[in-house]
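> heads up, no residue letters with this:
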Ligand SMILES: Nc1ccn([C@@H]2O[C@H](COP(=O)(O)OP(=O)(O)OP(=O)(O)O)[C@@H](O)[C@H]2O)c(=O)n1
Ligand SMILES: C[C@](O)(CO)[C@H](O)COP(=O)(O)O
């Protein structure tokens with residue numbers, strides 16, 4: 001009974017707009033992918049890591065993760081054209097013996113180890129698909145997308161809305177089944193699943209939610225990186 005973490009790091013970071021892949025951008029002098037790997041290892045509930053690397057960056061990612069705080073075996077694989085395809089590539093490289101798989105984004109570098117523990121514990125307690133989520137604090141509108149002044153269609157009751165984070169945890173069987181059924185052949189993020197739990201939902205299987213953590217925020221823009229740097233100083 002061992003747990004594998006797939007750490008997605010193959011994105012280009014277009015919205016961050018640096019000259020190198022986002023996972024290799026530094027936060028407090030440490031690349032984002034190393035922050036995330038250190039925290040996954042520190043949770044003590046992850047037994048091995050498969051990391052998806054951007055095209056041509058496999059060696060640099062492997063060297064970056066050769067760090068004393070990454071105390072679990074690391075396998076680096078080439079990612080795919082979309083996040084979904086990268087997770088599928090990571091799953092295909094998973095060794096035998098792992099019955100639970102968690103999927104975490106290098107773009108969420110400051111994930112607290114106790115959040116990782118919470119997700120894995122919920123899977124091991126019998127929930128086959130588990131995501132962390134936080135209550136939405138803004139009022140959310142559904143719109144007809146497009147144009148300068150989009151038409152507002154409705155205002156969903158925010159009491160029932162959650163912003164979803166990673167790591168997302170699954171029994172390996174279910175995650176493999178979900179990726180097989182929803183295989184991304186598009187090569188385009190616009191058509192691919194935006195998270196793994198969505199593929200499980202598409203199978204009609206239940207997904208459960210545990211409490212997320214603001215510290216696991218996703219770094220998408222320069223502003224997110226500046227906020228994370230402030231949090232690191234605290
Ligand atoms: N083909 C891809 C695309 C994304 N990711 C990973 O999925 C996570 C979430 O993606 P996102 O934050 O959108 O990262 P990027 O795709 O790098 O960002 P952008 O969309 O701005 O290019 C990141 O850790 C990213 O490295 C991946 O492994 N393979
Ligand atoms: C998986 C995820 O982090 C959950 O919030 C998110 O959906 C990734 O989205 P992105 O568009 O790839 O940044």
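Okay, I see it. Here the structure is a predicted model, which is why all the values come from computation and not from measurement. Residues are numbered from 1 along each chain as shown. Ligands and ions are numbered 1, 2, ... in the order given.
> For the closest residue to ligand 1 within the chain, give me its contacts.
Distance from ligand 1 to each residue of the chain (CB to the nearest ligand atom) is smallest for residue 11, at 2.0 Å. C-beta here means a position set from N, CA and C on the backbone, and glycine is covered the same way. Shown in contact with residue 11 (CB atoms under 8 Å, 6 or more residues apart in numbering): 21-23, 54, 79, 83, 86, 107.
> ok, 10 Å please
21-23, 52, 54, 79, 82-83, 86, 105-107, 189 (CB atoms under 10 Å, 6 or more residues apart in numbering).
> which SS state does residue 87 fall under?
helix (DSSP: H, G, I helix; E, B strand; the rest coil).
> contacting residues for it?
Listed by CB under 10 Å, 6+ apart, the contact partners of residue 87 are 6, 8, 10, 50, 52, 79-80, 101, 103, 105, 168, 175, 178-179, 184, 192-193, 195-196, 199.
> likewise residue 78?
10, 52-58, 86, 89, 93.
> what's the helix or strand for the residue in the chain sticking out farthest from the centre?
Most distant from the centre of the chain: residue 149, at 32.2 Å, with distances by CA atoms, centre = their mean. Secondary structure from DSSP states H and E places residue 149 outside every helix and strand.
> ok, now how distant is it from ligand 2?
Counting by CB to the nearest ligand atom, to the nearest Å, the gap from residue 149 to ligand 2 is 25 Å.
> Could you do residue 83 as well?
Distance from residue 83 to ligand 2, by CB to the nearest ligand atom: 5 Å.
> Mind listing the residues bridging to the residue lying closest to that residue once chain neighbours are set aside?
Once flanking residues are discounted, residue 83 sits nearest to residue 8: 5.8 Å by CB to CB, 6 or more residues apart in numbering. Beta-bridge partners recorded for residue 8 (DSSP bridges): residue 52, residue 105.
> Tell me who's in contact with residue 8.
Counted by CB under 10 Å, 6+ apart, residue 8 has contacts 23, 33, 36, 50-53, 79, 83-84, 86-87, 89-90, 103-108, 166, 196.
> same thing with residue 66?
Shown in contact with residue 66 (CB under 10 Å, 6+ apart): 34, 74.
> Just say helix, strand or coil for it.
Judged by three-state DSSP, the three-state class of residue 66 is coil.
> and what of residue 34?
Secondary structure assignment for residue 34 (three-state DSSP): helix.
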